[in-house]
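Engineer: Sharing a sequence plus its predicted fold:
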Amino acid sequence: KLFDQFICMDVLPTQTNPLTIKKTREIYYAFIKLDSEEKGLLIMKDIKKIENYIFTDVFTSRVFQVFQLYQEKLDIYLFIYLFLSIRNISKPNGTKLFFKFIDLDEKGWISQSDILYFYKGLISEIDDGIENHSFDHFLAELYDIVGCSNDKITLDDIIKSKQQSLFFKLLIDINTFIQWELNPDDEFDDEEID
């Protein structure tokens, strides 16, 4: 689908075309810059930092589990898909992909155990000087963000909340989590985090 858009990009409206020459060049250079082995494929540690994100190891591992990899590495096609999804995390395709990353058992909802898995990944990688991290407080915050009253967060719950970016970033981005952890009572605006 992306390749078809690339071929037909001259006839697509500029504002909706994610693959203009300028944007494609930008994504390609980001890919080259991340390619630590200089072999045209990315390994897990290469996608640890993309743009302003610092992803957890459990998230990067999950990306490699979900995608169908070439030689167990991320090729340019999958990188474009990931990169555009990161930039458009609140759009339907971005939200669906990140939901798939977080839904560990592919059961159609995000459970407390899914959230705990990513929470433990965050806690293991940060050194913020906070001794008593509270999973219960974190879980309650995520439920508040999506306005969910039960212990199963569905894709529809996340979309209806219009807080997709904040929800996913709190689970996978170390910077966003630390900002929340140091100021747990502050109201985070989704655009503020972006």
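Structural biologist: On my side now, so go ahead.

Engineer: Roughly how far does Lys152 sit from Phe55?
Structural biologist: In this structure, Lys152 and Phe55 are 25 Å apart, going by CB to CB, to the nearest Å. Placement of C-beta: from N, CA and C, glycine included.

Engineer: Those two: who's more crowded?
Structural biologist: Phe55 (23 against 13; other CB atoms under 10 Å).

Engineer: Retrieve the pLDDT associated with the more buried one.
Structural biologist: At Phe55, the model reports a pLDDT of 97.

Engineer: Also Lys162?
Structural biologist: For Lys162, the predicted pLDDT is 94.

Engineer: Next, count neighbours for it.
Structural biologist: Neighbours around Lys162, by other CB under 10 Å: 12.

Engineer: My read is that it contacts Ile89, right?
Structural biologist: No. Look at Lys162 against Ile89 with CB atoms under 8 Å: they stay out of range, at 12.0 Å.

Engineer: mind listing what the spatially closest residue to Ser111 that is not a sequence neighbour touches?
Structural biologist: In this structure, Ser111 finds its nearest non-sequential neighbour in Lys152, 6.2 Å apart by CB to CB, 6 or more residues apart in numbering. The contact partners of Lys152, by CB atoms under 8 Å, 6 or more residues apart in numbering, come to Trp109, Ile110, Ser111.

Engineer: Quick check: helices, which of the residues you listed are part of them?
Structural biologist: In helices, judged by DSSP state H, none of these are found.

Engineer: got TSV for these, with distance to Lys45 and pLDDT too?
Structural biologist: Below are these laid out as TSV (distance: CB to CB, whole Å; pLDDT from 0 to 100):
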residue	distance to Lys45	pLDDT
Trp109	31	94
Ile110	26	96
Ser111	28	94
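
Engineer: just the buried members of those?
Structural biologist: Trp109, Ile110, Ser111 (16 or more other CB atoms under 10 Å).

Engineer: Next, the contact list for the second one, please.
Structural biologist: Taking CB under 8 Å, 6+ apart as the contact definition, Ile110 lies against Phe99, Ile102, Asp103, Lys152, Ile153, Thr154.

Engineer: was I right about the second one contacting Asp114?
Structural biologist: Yes. Ile102 sits in contact with Asp114 when judged by CB under 8 Å, with a separation of 5.8 Å.

Engineer: Tell me the residues that contact both of those two, please.
Structural biologist: With CB under 8 Å, 6+ apart, Ile102 and Asp114 have no common neighbours.
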